[in-house]
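Novice: kindly generate the corresponding structure for this input.
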Amino acid sequence: MAGPPVIIWEHEVERLLRYKELIPRLEEALGKFSRRDSAELIQPARTTVALQKHSGFMGLMPTYMENDGVLCAKIVCFYKRRDGSTLPSTQATVVLLDPECGNVMAVMDGEVITGMRTAAVSAISAKLLMRSEAEVLAILGTGRQALSHYNIFTDMFSFKEVRVWSRSREGVERFGRSVSGPVTACVSVEEAVRGADVIVTVTTSTEPVLFGQWVKPGAHVAAVGACRPDWRELDDVLMKEAVVYVDSREGAMTESGDVILSGVQVFAELGDVINGTKPAHREKTTVFKSLGMGVQDAVSANLVFDKWKTKASQP
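Specialist: Residues are numbered from 1 along each chain as shown. Prediction:
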C-alpha cells in the first residue's frame with residue numbers, strides 16, 4: 001500500500017526549484033509537445049470553469065508523460081481583480097500521481113512553479129527570438145510574474161537598462177525594492193517601451209495596453225497576461241506586424257484573445273523552433289504569446305519531487 005502523499009509547501013518548492021535545472025527540461029518538453037507524439041506525451045486542452053460571482057475561472061491542466069513516468073494535474077484559479085485589490089490574481093496547486101496505481105504521491109504549492117516555469121519559457125522565447133545586441137528590457141506589470149521574469153531575464157541576459165511600468169506608482173516602488181538591480185520607473189507604457197529591444201507584458205488587463213506604433217521594429221515581445229479569448233494586452237497593429245509564436249497552437253486558438261480577436265496566423269510553436277522545423281525570425285518583430293501548458297507544470301513538479309526525495313533520503 002502506498003503511504004500518504006507528501007505535502008510540499010511554497011517555501012520548500014522555492015528552495016528546491018532552480019532555473020539552471022528547469023530550463024533544459026522545459027526546452028526538451030516543448031520540443032516533445034510540438035512533435036505530437038501521443039505515445040509519449042498526452043496533454044488535453046485546459047478545461048475551465050467560470051466563477052462568475054468572483055470574476056474568475058478555475059482551470060484544470062492534466063498531463064501524462066509515458067516515457068518519463070509522470071502523471072500530473074494542476075488546478076489553478078485566476079481572477080480579474082479591481083485596481084487596488086489585495087486579493088491574489090492567481091492561486092495554484094499541483095498534484096503528482098503514480099501512473100501505474102493512480103495514487104497521489106505529492107501535493108505541492110503551484111504558485112512558485114507557475115511563476116518560474118512561465119518566466120523560464122518566456123526567457124527561452126527570448127533566447128530563440130530576440131536580437132543578439134538587445135540592450136533594453138521593458139516589463140509591463142509589477143506582480144509576481146513580473147518579479148519572476150525580472151529575475152530570470154536579468155540572470156540569463158545582459159541588459160543595460162530595465163524599465164518598469166505599473167498602473168500605480170506604489171506598484172513600481174514596491175517592485176524596485178524587491179529586486180536586486182536598478183530599474184527605471186516609467187509613468188506610461190509608451191515611455192517604457194519606446195526603443196526597448198525586449199518587452200514583457202504581465203498585466204491583468206482585458207484591453208490592449210501595448211500598441212504597435214510604440215514598438216521598435218525587430219523587438220521581441222513576450223506576452224503573458226490575457227489568458228481568456230476575450231482578454232487582450234496587444235493591439236491589432238502589433239499582432240499583424242509581428243511574426244507570432246506560441247507555446248501551443250490549440251491553446252492559442254482556444255484561449256488567447258490577442259490571437260483570436262486580431263485574426264492573425266500563428267507562425268510556429270516554440271517547440272517547432274527547438275526541433276528545427278520552423279525558423280527563428282530574429283531580424284523581425286516577434287511576439288511570443290504564452291498561455292502555459294500542463295507539461296510545463298509536470299516537468300517542474302517532477303523536478304521538485306525528485307529533489308525532495310533525494311533530500312529526504314540523506315541522513
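Novice: ranges for the strands of the stretch 51-200 of the chain?
Specialist: 56-65, 70-79, 90-97, 104-109, 136-140, 161-165, 184-186, 198-201 (DSSP state E, counting those that start in this stretch).
Novice: single out the most deeply packed of these.
Specialist: Of all the strands of the stretch 51-200 of the chain, strand 198-201 has the most neighbours on average by mean count of other CB atoms under 10 Å, namely a mean of 29. All C-beta atoms are positioned from the backbone trio N, CA, C, and that covers glycine.
Novice: partner strands of that one, parallel or antiparallel?
Specialist: strand 136-140 (parallel), strand 220-223 (parallel) (DSSP bridges).
Novice: the helix or strand following the shortest one - contacts with which helices or strands?
Specialist: What that stands for is strand 220-223. Where DSSP states H and E defines the elements, the next helix or strand beyond strand 220-223 is helix 236-241. When contacts are defined as 3 or more CB pairs under 8 Å, 6 or more residues apart in numbering; DSSP states H and E, helix 236-241 sits against helix 257-262.
Novice: where's the helix it packs on relative to the chain centroid, distance-wise?
Specialist: Centroid separation for helix 257-262 versus its chain: 18 Å, with CA atoms, centre = their mean, to the nearest Å.
Novice: over to stretch 228-237?
Specialist: 17 Å.
Novice: kindly report the same for stretch 101-113.
Specialist: Using CA atoms, centre = their mean, the offset of stretch 101-113 from its chain centre is 19 Å.
Novice: try stretch 12-31
Specialist: 13 Å.
Novice: just the CA atoms of it, as CSV, please.
Specialist: Taking C-alpha atoms only, stretch 12-31 is exported to CSV below (Å, rounded to 0.1, in the frame of the first residue of the first chain):
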residue,chain,number,x,y,z
GLU,A,12,10.2,24.3,0.0
VAL,A,13,9.3,24.5,-3.7
GLU,A,14,11.2,27.8,-3.8
ARG,A,15,14.2,26.2,-2.2
LEU,A,16,14.3,23.2,-4.5
LEU,A,17,13.4,24.6,-7.9
ARG,A,18,16.3,26.2,-9.8
TYR,A,19,16.3,27.8,-13.3
LYS,A,20,19.6,26.2,-14.4
GLU,A,21,18.0,22.7,-14.0
LEU,A,22,14.5,23.7,-15.0
ILE,A,23,15.2,25.4,-18.4
PRO,A,24,16.8,22.5,-20.2
ARG,A,25,13.9,20.2,-19.0
LEU,A,26,11.4,22.8,-20.3
GLU,A,27,13.1,23.0,-23.7
GLU,A,28,13.0,19.3,-24.0
ALA,A,29,9.3,19.2,-23.1
LEU,A,30,8.4,21.9,-25.5
GLY,A,31,10.1,20.0,-28.3
